[in-house]
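> fold the stuff below for me.
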Amino acid sequence: MTTSTNTRTTPGGDAGGGALLYGCMGLGGTWGPEPYGPAEIEAAEAAVATALDVGITVFDHADIYRHGKSEAVFGEVLARSAGLRERIVLQTKCGIRLADGDHPGIYDLRGPSIVQRVEESLKRLRTDVIDVLLLHRPDPLADPDDVAGALTSLHRQGLVRRFGVSNMGAAQIASLAARLDVPLVANQLEMSLEQRDWLEAGVVLNTGAAAANGFPYGTLEYCRDNGIRLQAWGALAQGRFTGRQNTPEQHAAAQLVSALAARKGVTPETVVLWWLQRHPARIAPVIGTTDPERIHACRPAAEGRPDLTHEEWYALWVAARGNPLP
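Numbers count the residues shown, from 1 in each chain. Model (predicted):
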């Protein structure tokens, strides 16, 4: 599948993502071999329509989501909606191969595998170009020159407009970026009020807690300095601060989230997303719920203007960590 390079401007802000992204992992039915049907297509249409209604135009996929069914059902939505493709930014990921029979799940960023996975995603999504392709996980056996060669070929053929990574640290990103003529535009990491290693790494330095923090220090700074947009997967923390609390720290933070939401006239989901967006690294949260009501609850965050003071932001952080700052 080939096409000429297309450089049309896509919505949703810069190529690394808008204020919010819609994560499509929940679309397409089960994770099993069962095919999707009309019910799954209708559910996908409802989720996409609601996301657009609240101002989200960037849709995040991966070739492994629901064993490809998430992309396929989204392709059905695109086929049914004239003009929709031109209104959105379409992002997908490759690099993970799921377990199959006696074969374990592995990471695979060999050049030919990247090209094959992209061609398969294009067919499922029923489009001739992917706006942003992310490398899903680092592959320890990957040859950076081989990876860069595959990405360069995909770009020159017009199959992919922009590239990024996911779950990678600064050194890994820099090694790949040095081999590419096009800039990397995004790094997608797990980031939330619950998952805070990315934040804690910058303040536990020179303390006893530093050894337990595995986040590669300097990654946020590298991304900021090089125009790489941080995208936060798991941004709503599976509802741990909006109704599914399990620990004393989550209960304390949830109470503060609720109080701030009431004071500002927004939903608790919005406050949780604002906490990420308030960080100067320009974090774009990815929301993955398929519930239209919960998507609507994120509407104020889609505007990208977090209404949290310096003190409110810190109060949420301290409540969630359960201990004073070092």
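> for the host helix or strand of Glu312, which helices and strands make contact with it?
Using DSSP states H and E, Glu312 falls within helix 310-321. On a contact count with 3 or more C-beta pairs under 8 Å, 6 or more residues apart in numbering; DSSP states H and E, helix 310-321 meets helix 248-264, helix 268-277. C-beta here means a position set from N, CA and C on the backbone, and glycine is covered the same way.
> got the buried residues for the first one?
Going by neighbour count (16 or more other C-beta atoms under 10 Å), the buried part of helix 248-264 is 249-250, 252-254, 256-258, 260-261.
> now Ala232. Nearest residue, chain neighbours left out?
Among residues not flanking Ala232 along the chain, Met191 sits closest, at 3.7 Å (C-beta to C-beta, 6 or more residues apart in numbering).
> and that neighbour, how many neighbours does it have?
Using other C-beta atoms under 10 Å, Met191 is surrounded by 26 other residues.
> do the one 4 residues further on as well
For Gln195, the tally of surrounding residues (other C-beta under 10 Å) stands at 17.
> and it, what element?
Assigned by DSSP H and E, Gln195 falls outside every helix and strand.
> how near is it to Pro33?
Remark: distance between Gln195 and Pro33 (C-beta to C-beta, to the nearest Å) = 31 Å.
> for Ala148, same thing?
Separation of Ala148 from Pro33 (C-beta to C-beta): 35 Å.
> okay, those two: which has more neighbours?
Ala148 (20 against 7).
> my guess is Ser258 meets Pro268, correct?
Yes - under the criterion of C-beta atoms under 8 Å, Ser258 makes contact with Pro268 at 5.6 Å.
> what's the pLDDT at the residue lying farthest from the centre of the chain?
In the chain, the greatest distance from the average C-alpha position (C-alpha atoms, centre = their mean) is reached by Gly208, at 31.4 Å. You'll see Gly208 listed with a pLDDT of 85.
> just list the residues touching it, thanks.
For Gly208, the contact set (C-beta atoms under 8 Å, 6 or more residues apart in numbering) is empty.
> next one: it from Ala259, what distance?
Taken as C-beta to C-beta, the span from Gly208 to Ala259 is 33 Å.
> one step back: how about the helices and strands packed on helix 310-321, which one is nearest Gly227?
Taking C-beta to C-beta, helix 268-277 is the member of the helices and strands packed on helix 310-321 nearest to Gly227, at 17.8 Å.
> which neighbouring elements make contact with that closest one?
helix 248-264, strand 284-287, helix 299-302, helix 310-321.
> count residues in the vicinity of Thr30, would you?
Thr30 has 12 nearby residues by other C-beta under 10 Å.
> surely it is in contact with Arg66?
Yes - when contacts are counted by C-beta under 8 Å, Thr30 is listed as touching Arg66 (7.1 Å).
> assign Gln188 to helix, strand or coil.
strand (DSSP: H, G, I helix; E, B strand; the rest coil).
> can you tell me the closest non-neighbouring residue to Asp145?
Spatial nearest neighbour of Asp145, chain neighbours left out: Arg179 (6.0 Å); criterion: C-beta to C-beta, 6+ apart.
> what does Ile106 give?
Spatial nearest neighbour of Ile106, excluding adjacent residues (C-beta to C-beta, 6+ apart): Arg97 at 5.2 Å.
> and the one you found, what is it in contact with?
Applying C-beta under 8 Å, 6+ apart, the residues near Arg97 are 64, 105-108.
> can we see that at 10 Å?
Each residue near Arg97 by C-beta atoms under 10 Å, 6 or more residues apart in numbering is listed here: 63-64, 103-108, 113, 117.
> distance between the ends of stretch 195-214?
Start-to-end span of stretch 195-214 (C-alpha to C-alpha, to the nearest Å) is 12 Å.
> run through the strands of the protein in chain order.
21-23, 58-60, 89-94, 96-97, 106-107, 130-135, 160-166, 184-190, 229-233, 284-287 (DSSP state E).
> most tightly surrounded among the ones you listed?
Of the strands of the chain, the one with the most neighbours on average (mean count of other C-beta atoms under 10 Å) is strand 21-23, at a mean of 29.
> what's the average pLDDT for it?
For strand 21-23, mean pLDDT rounds to 98.
> now swap in stretch 61-74 and tell me
Across stretch 61-74, the average pLDDT comes to 98.
> using PDB, list the CA coordinates for stretch 50-61.
Taking Å, rounded to 0.1, in the frame of the first residue of the first chain, the C-alpha atoms of stretch 50-61 are listed here in PDB:
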ATOM      1  CA  THR A  50     -19.200  12.000  22.500                       C
ATOM      2  CA  ALA A  51     -15.500  12.600  22.400                       C
ATOM      3  CA  LEU A  52     -15.900  15.000  19.400                       C
ATOM      4  CA  ASP A  53     -18.800  16.700  21.200                       C
ATOM      5  CA  VAL A  54     -16.500  17.600  24.200                       C
ATOM      6  CA  GLY A  55     -13.800  18.800  21.900                       C
ATOM      7  CA  ILE A  56     -11.500  15.800  21.500                       C
ATOM      8  CA  THR A  57     -10.100  15.200  18.000                       C
ATOM      9  CA  VAL A  58      -7.100  13.000  18.700                       C
ATOM     10  CA  PHE A  59      -7.900   9.200  18.800                       C
ATOM     11  CA  ASP A  60      -5.200   6.900  20.100                       C
ATOM     12  CA  HIS A  61      -5.000   3.200  19.000                       C
END
